[in-house]
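Trainee: Take this sequence and fold it.
(one chain, ligands or ions: 1)
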Amino acid sequence: MARILITGGAGFIGSHLCDHFLERGDEVLCLDNLSTGSTGNIQHINSPNFRFIKYDVTNYLFVDGPLDFILHFASPASPIDYLELPIQTLKVGSLGTHKALGLAKEKGAVFLLASTSETYGDPLVHPQTEDYWGNVNPIGPRGVYDEAKRFAEALTMAYHRTHGVRTRIARIFNTYGPRMRINDGRAIPNFICQALRGEDLTVYGEGTQTRSFCSIRDMVPGFVLLLEKGGPEPVNLGNPDEYSVLDMAKNIIEVTGSASRIVHTDLPVDDPKVRQPDITRARSTLGWSPTVELAEGLEETIAYFRDKLGLQGEGGG
Ligand code: UDP
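Mentor: Below is the predicted model of the structure:
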């Protein structure tokens with residue numbers, strides 16, 4: 001039985017990690033300041049091995065007893081969130097990562113950083129391999145997230161090289177699934193909620209920009225394998241199946257059976273034009289690759305939002 005600290009444990013990905021480790025019989029300390037996370041994501045947990053601590057990881061961290069793993073997932077992660085919380089986003093990626101790494105060093109714990117495909121910015125290499133250094137605008141509105149995560153990666157490597165902390169860096173590509181918020185602002189929850197409510201789907205720009213979407217059900221085993229079998233070098237985790245945003249919107253209208261239409265609005269500043277992970281490293285070093293088909297992943301996500309929105313039956317609009 002391992003003792004695990006998950007920062008951002010009440011968030012979308014963090015709460016699925018809490019479930020996974022509790023099911024395995026581990027002890028989980030879930031830390032979250034609830035700025036974008038929610039107790040609704042963990043309220044189903046009824047285990048003596050679980051503890052929720054409402055805390056901001058940018059402050060000094062004291063944890064009693066041993067820790068085997070620290071998973072640092074605390075951060076706003078949706079573009080609308082980090083545009084609204086720019087300083088908190090910078091602080092949690094920098095000060096928060098510093099505190100979490102300091103704790104890992106103190107406890108001899110394996111540390112996993114939730115990094116992001118945003119470290120590649122608006123990429124000039126496609127698909128993105130881990131050795132690509134990225135194309136990031138440091139002073140643009142997305143810079144608060146991208147640079148915080150890039151700093152977090154640098155700090156993680158420094159703790160590994162200087163203090164010998166066993167570290168992992170997951171570069172997480174677009175992930176979707178149950179427990180995303182209705183007003184999360186990201187493409188999949190937006191499109192699903194709009195389609196289910198019969199509202200127009202807001203495609204930013206022409207919708208020719210691409211993303212590659214991975215189900216949370218694939219992502220969780222990726223993190224576990226990275227913890228167990230990975231090394232300090234960053235590993236892309238994501239589903240390489242690439243779609244244009246417009247095609248994704250059309251697909252969601254179809255699978256929800258919605259009468260909604262598509263409207264085009266302004267493209268956000270510095271919105272990456274393409275994004276697709278090269279997962280050769282994850283395949284070869286971890287033996288990991290996604291298995292959940294988009295149709296299947298969307299179906300369970302749509303069912304989740306249908307329930308959240310208090311809707312029943314088929315279709316919307
Ligand atoms: N997007 C969109 N409509 C929305 C939300 C997002 O067209 O209602 C686009 C967004 O401009 C981006 C892509 O969908 O090109 C993915 O956006 P998301 O916010 O999900 O995450 P990102 O990959 O930009 O971090």
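Trainee: from the chain's centre, how far out does the least confident helix or strand in the chain by mean pLDDT sit?
Mentor: Least confident helix or strand of the chain, by mean pLDDT, DSSP states H and E, is helix 79-84 with a mean of 95. Here helix 79-84 shows a centroid-to-chain-centroid distance of 14 Å under the convention C-alpha atoms, centre = their mean, to the nearest Å.
Trainee: got it, and stretch 63-72?
Mentor: Worked out by C-alpha atoms, centre = their mean, stretch 63-72 lies 21 Å from the chain centre.
Trainee: Buried residues in that stretch, which are they?
Mentor: In terms of neighbour count (16 or more other C-beta atoms under 10 Å), stretch 63-72 has its buried residues at 63, 67-72. Quick note: C-beta positions are derived from backbone N, CA and C, even for glycine.
Trainee: does any part of the least confident helix or strand of the chain sit near the ligand?
Mentor: Yes - counting by C-beta under 6 Å from any ligand atom, the ligand is contacted by helix 79-84 at residue 79.
Trainee: list the helices and strands that helix packs on?
Mentor: helix 143-163 (3 or more C-beta pairs under 8 Å, 6 or more residues apart in numbering; DSSP states H and E).
Trainee: tell me the mean pLDDT over the helix it packs on?
Mentor: The pLDDT scores in helix 143-163 average 98.
Trainee: swap in stretch 175-188?
Mentor: In the prediction, stretch 175-188 has an average pLDDT of 97.
Trainee: Let me know whether it sits next to the ligand.
Mentor: Yes - contact of stretch 175-188 with the ligand (C-beta under 6 Å from any ligand atom) involves 186-187.
Trainee: CA atoms only for that stretch - export them in PDB, please.
Mentor: Only the C-alpha atoms of stretch 175-188 are listed here, as PDB (Å, rounded to 0.1, in the frame of the first residue of the first chain):
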ATOM      1  CA  THR A 175      -8.100  15.100 -22.500                       C
ATOM      2  CA  TYR A 176     -11.800  14.700 -22.000                       C
ATOM      3  CA  GLY A 177     -14.300  12.800 -20.000                       C
ATOM      4  CA  PRO A 178     -16.800  12.800 -17.100                       C
ATOM      5  CA  ARG A 179     -16.200  15.500 -14.400                       C
ATOM      6  CA  MET A 180     -15.200  18.300 -16.700                       C
ATOM      7  CA  ARG A 181     -17.200  21.300 -15.700                       C
ATOM      8  CA  ILE A 182     -20.300  22.400 -17.600                       C
ATOM      9  CA  ASN A 183     -18.700  25.900 -17.900                       C
ATOM     10  CA  ASP A 184     -15.200  24.500 -18.300                       C
ATOM     11  CA  GLY A 185     -14.800  26.400 -21.600                       C
ATOM     12  CA  ARG A 186     -12.800  23.700 -23.500                       C
ATOM     13  CA  ALA A 187     -14.000  22.500 -26.800                       C
ATOM     14  CA  ILE A 188     -15.500  19.100 -25.900                       C
END
